[in-house]
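Visitor: What follows is a predicted structure for the sequence shown.
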Amino acid sequence: MDIAEVKSKTDKKAFLDVARIIYKNDPNWVCPLDNDIEAVFDPAKNNFHKHGKATRWILTDDTGRLIGRIAAFVNNEKAYNYEQPTGGCGFFECIDDKQAAYLLFTTAKNWLQANGMQAMDGPINFGENDNFWGLLVEGFTPPSYGMNYNPPYYKAFFDGYGFETQYEQITNHLNVHKPFSERFTKIANWVIQKPGYTFKHFKSSQIEQFAADFIAIYNDAWKNFENFVPINYATILESFEKMKAIMDEKLIWFAYINNEPASFIVILPDANQMIKPLNGKLNLLGKLIFLYRRWKGVTRMRAIVMGTKLKFQKHGLESCLFIKLKEYVLPLNQYDELELSWVGDFNEQMLAIHAAVGATFGKKHLTMRYIFKKPG
């Protein structure tokens, strides 16, 4: 076997092609857009390169056949928040061969050690955790846009090498046509009518203001979670700009109390239902197919993230946002399912909201960690 760092244009193509080889006979897999993956490793398109670094490798067998890939990254804003300085590995793909998988893990480990790290999380992304994050271990069904999908045999590789689960990420599914409970609806409608409570959907023409509101809510809502690193304006503006191509503005809602940003939910039409035929290629033909399919046949939405400021978390705002969404979505007669993804098993409040709206279990991903040299 031969492992090589990705440097040339040919190497980049090979890195992308590994996944197409691994999943060529898997009808559930949806090839991520090549442009989306390449953007992760492009400093001009990924704000994380300003405070970190990333690299990647491809693995071939003795005949030169592509059999695996992996990437490794150091995010200096997060690496030193743990007992051991911790980097990450991701974009792992491999044939069903333990020796090949371990060689990929060891290559990432050696690079991270050379860059001062003592542990690595994986499989994760060099970016926010709403995309390309986690090892799928339950719910091997067609993934929504940005959600990691992998063969079941990957779990044995991570376990065998010595990775241990840090937390589980739960994805639940909500049947759009199923009515909310009478109590849920009654409370939400009562809150909506309260003086000083206003609700607005996202508008691209006001993207800077909504980005600022998002940051104000998000950084407050998550600040008490362990190892939380505040999101910055450049990162969220970059994310909103990327969403523009597929977003429906009336699926993204914000709540305000006396004009103070208080709560939000960000939902996108599932782009994977649009891009499945493209095999990752958004060339001219791909763009035409994408535009044609953009609103035709898209029956699933994905909730990317929700958040509520701490002082407003018992005000019922999340219920109101779901009511506002339903008021818009039901008359469209287009969407059948909302995927609520993914919520850490430590986030009991958000999981309780999922239960309150009647969502059912969909998938489970794991975020895992491998400590290079355990103390003692």
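Guide: Alright, I've got the coordinates.
Visitor: CA atoms for contacts and neighbours, from now on please.
Guide: Will do.
Visitor: what about the helices in the stretch 251-376 of the chain?
Guide: Assigned by DSSP state H, counting those that start in this stretch, the stretch 251-376 of the chain shows helices spanning 272-275, 284-293, 317-332, 348-356.
Visitor: out of those, nearest to T86?
Guide: Across those, T86 has its closest neighbour in helix 348-356 (25.7 Å, Cα to Cα).
Visitor: what angle separates that closest one from helix 317-332?
Guide: 40 degrees (axes from the mean of the first three to the mean of the last three Cα atoms, to 10 degrees).
Visitor: Skipping its backbone neighbours, what lies nearest D270 in space?
Guide: Of all residues not flanking D270 in the chain, M301 sits nearest, at 4.9 Å (Cα to Cα, 6 or more residues apart in numbering).
Visitor: Save the helices of the stretch 251-376 of the chain as a markdown table, and put in mean pLDDT too.
Guide: What follows is those, written out as a markdown table (pLDDT from 0 to 100):
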| stretch | mean pLDDT |
| --- | --- |
| helix 272-275 | 82 |
| helix 284-293 | 63 |
| helix 317-332 | 92 |
| helix 348-356 | 85 |
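Visitor: Pull the number of nearby residues for the closest residue to I124 other than its chain neighbours.
Guide: The shortest distance from I124 to any non-neighbouring residue, by Cα to Cα, 6+ apart, is to W133 (4.4 Å). W133: 25 surrounding residues under other Cα atoms under 10 Å.
Visitor: tell me which element W133 is part of?
Guide: Assigned by DSSP states H and E, W133 belongs to no helix or strand.
Visitor: now swap in V229 and tell me
Guide: Applying DSSP H and E, one finds V229 in no helix or strand.
Visitor: Now that it has come up, it's in contact with K78, right?
Guide: Yes. Contact criterion Cα atoms under 8 Å: V229 and K78 qualify, at 6.8 Å.
Visitor: what about those two, which has more around it?
Guide: K78 (16 against 13).
Visitor: Q334 and T360, how far apart?
Guide: 20 Å (Cα to Cα, to the nearest Å).
Visitor: Help me confirm that the residue nearest to D270 comes into contact with Q334.
Guide: No. When contacts are counted by Cα under 8 Å, M301 is not listed as touching Q334 (10.2 Å).
Visitor: Let me see the ranges of the strands in this structure.
Guide: Using DSSP state E, the strands found in the chain span residues 2-5, 52-60, 66-75, 86-94, 119-122, 135-138, 164-175, 197-201, 252-257, 260-269, 300-308, 337-344, 360-371.
Visitor: Of those, which is nearest W111?
Guide: Nearest to W111 among the strands of the chain is strand 66-75 (7.6 Å), distances taken as Cα to Cα.
Visitor: counting contacts, what elements does that closest one pack onto?
Guide: For strand 66-75, the packing partners by 3 or more Cα pairs under 8 Å, 6 or more residues apart in numbering; DSSP states H and E come out as helix 9-22, strand 52-60, strand 86-94, helix 98-114.
Visitor: Swap in 6 Å and give it another go.
Guide: Contacts defined by 3 or more Cα pairs under 6 Å, 6 or more residues apart in numbering; DSSP states H and E place strand 66-75 against strand 52-60, strand 86-94.
Visitor: now it against helix 98-114, angle please.
Guide: 20 degrees.
Visitor: Just want the angle from strand 66-75 to strand 52-60.
Guide: Going by the same axes, to 10 degrees, strand 66-75 makes 170 degrees with strand 52-60.
Visitor: Pairing partners for strand 66-75, with directions?
Guide: Note on strand 66-75: by DSSP bridges, its sheet partners are strand 52-60 (antiparallel), strand 86-94 (antiparallel).
Visitor: tilt between the first one and helix 9-22?
Guide: Our comparison of strand 52-60 with helix 9-22, counting by the same axes, to 10 degrees, yields an angle of 70 degrees.
Visitor: neighbouring contacts of strand 52-60?
Guide: 1-6, 15, 66-76 (Cα atoms under 6 Å, 6 or more residues apart in numbering).
Visitor: Let me see the mean pLDDT of it.
Guide: Average pLDDT, strand 52-60: 97.
Visitor: Deepest-packed of the helices of the stretch 251-376 of the chain, please.
Guide: Mean neighbours per residue, mean count of other Cα atoms under 10 Å, is largest over the helices of the stretch 251-376 of the chain for helix 272-275, with a mean of 22.
Visitor: The residue nearest to I124 touches F126, doesn't it?
Guide: No. Under the criterion of Cα atoms under 6 Å, W133 makes no contact with F126, lying 9.3 Å away.
Visitor: I'd like the strands of the chain written out as CSV, with distance to P277 and mean neighbour count added.
Guide: Shown next, in CSV, are the strands of the chain (distance: least, Cα to Cα, whole Å; neighbours: other Cα atoms under 10 Å):
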stretch, distance to P277, mean neighbour count
strand 2-5, 30, 16
strand 52-60, 25, 21
strand 66-75, 23, 26
strand 86-94, 21, 26
strand 119-122, 29, 25
strand 135-138, 23, 21
strand 164-175, 24, 19
strand 197-201, 31, 17
strand 252-257, 27, 21
strand 260-269, 17, 23
strand 300-308, 17, 22
strand 337-344, 21, 23
strand 360-371, 23, 20
